[in-house]
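J.: sequence-free structure coming up:
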């Protein structure tokens, strides 16, 4: 009787231990997860690599059978579907803000990839992609808004990088980007608003295929820079540039700035009368298609008039200084040499366009020749 009682107790204990083992099993990493996390850590350089030393053992029990391990500078997450993938830095922070693997992004499905426009990076997840650049920070893109952003050239297009997280309420969602926004509603789909289409924007692109809207647009807040007028932001930037150039021993003068629709119409008619329409279209914009009408364009020269409004201006002190330094003040040479097939105009080394410091510096540092190239727009060689 005592023997039977002892045997029964041992059986009960064995059953309890088995049940306890089943309960605790998810906390121990499956062999495949632990092995994959360790292997990925070694591929990243181990303790001396990108992630640094481990801060503990693998932890499991995440959604969909996942595991993770923390390191000094990030973590590696594993799931049976996605494998072992590391996260770190600002992209990891954006993922965390979305709820880690439990949120809309899910698990990472690849490593962080860098080398994008403006030295940006991205990382793909099950439910979307997180993008980062120094100017915009790290933000995710999802679903229909992401699809619309991709159709407009992604970070290399007119919208640029996302600079906010998608916000949804009442059946609609909206996300802002560096140069515009994308909205989505269940019934109407997506709507894209681009700064390059807005006449009052510093990012507006006007060329032979892209007239201003409205065609007789008049900018606000014009200020004099010598004789010519510019928008206040462009005027302030030019004054700084002019002062720094003078301090370097290179005087620069403003020759022409804002022109109204009416003034441009008269100027164009005069060029047509002098040179014929074909030649006039290479050297003068038709009314409504002129950058000068935005208040953001400026023709510059030397005080003595040397090579004024001629291609040889590039070799003069003012032309050389502007070519080397104008981007530091937010200006670019809008019609560079050899790009008539894109811009529609002959080389004009004196014609500067204010686009703001970020775009101007990005174009010069990455050797992007025209605004059409930078904004992902097609060439505009003719009307």
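T.: Arrived safely. Only a predicted model underlies this, so the values are computations on that prediction, with no experimental measurement involved.

J.: in the stretch 251-383 of the chain, which spans are helices?
T.: In the stretch 251-383 of the chain, the segments counted as helices under DSSP state H, counting those that start in this stretch are 261-275, 277-283, 317-325, 340-343, 357-365, 371-374.

J.: Let's have those in JSON lines, adding mean pLDDT, distance to residue 105 and mean neighbour count.
T.: C-beta: built from backbone N, CA, C; applies to glycine. Shown next, in JSON lines, are the helices of the stretch 251-383 of the chain (pLDDT from 0 to 100; distance: least, C-beta to C-beta, whole Å; neighbours: other C-beta atoms under 10 Å):
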{"stretch": "helix 261-275", "mean pLDDT": "97", "distance to residue 105": "49", "mean neighbour count": "15"}
{"stretch": "helix 277-283", "mean pLDDT": "96", "distance to residue 105": "50", "mean neighbour count": "14"}
{"stretch": "helix 317-325", "mean pLDDT": "97", "distance to residue 105": "43", "mean neighbour count": "18"}
{"stretch": "helix 340-343", "mean pLDDT": "98", "distance to residue 105": "38", "mean neighbour count": "17"}
{"stretch": "helix 357-365", "mean pLDDT": "97", "distance to residue 105": "27", "mean neighbour count": "18"}
{"stretch": "helix 371-374", "mean pLDDT": "98", "distance to residue 105": "29", "mean neighbour count": "21"}
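
J.: Can you give me the end-to-end span of stretch 183-195?
T.: 14 Å (C-alpha to C-alpha, to the nearest Å).

J.: neighbouring contacts of it?
T.: With C-beta atoms under 8 Å, 6 or more residues apart in numbering as the test, stretch 183-195 has contacts from 143-145, 147-148, 152, 158-159, 171-174, 179-182, 201-204.

J.: Then stretch 371-383?
T.: Defining contact as C-beta under 8 Å, 6+ apart, one finds that stretch 371-383 is touched by 152-153, 156-158, 179, 196, 203, 205, 207-210, 281, 286, 289, 332, 334, 340-344, 353, 355, 359, 362-363, 368.

J.: Restricted to buried residues, select those residues in PyMOL.
T.: Applying 16 or more other C-beta atoms under 10 Å to the contacts of stretch 371-383 leaves a buried subset, and the PyMOL line that selects it is:
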select buried, resi 152+156+157+158+179+196+203+205+207+208+209+210+281+286+289+332+334+342+343+344+353+355+359+362+363+368
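
J.: Narrow the contacts of stretch 371-383 to those in strands?
T.: If you go by DSSP state E, these have 332, 334, 353 in strands.

J.: For the first one, give the beta-bridge partners.
T.: I take that to be residue 332. Bridge pairing for residue 332 (DSSP bridges) gives the partners residue 353.

J.: got it, and residue 74?
T.: residue 71.

J.: Can you get me a residue count around it?
T.: For residue 74, the neighbour count with other C-beta atoms under 10 Å is 17.

J.: need the contact list for residue 200.
T.: By C-beta under 8 Å, 6+ apart, residue 200 lies in contact with 217, 219-220.
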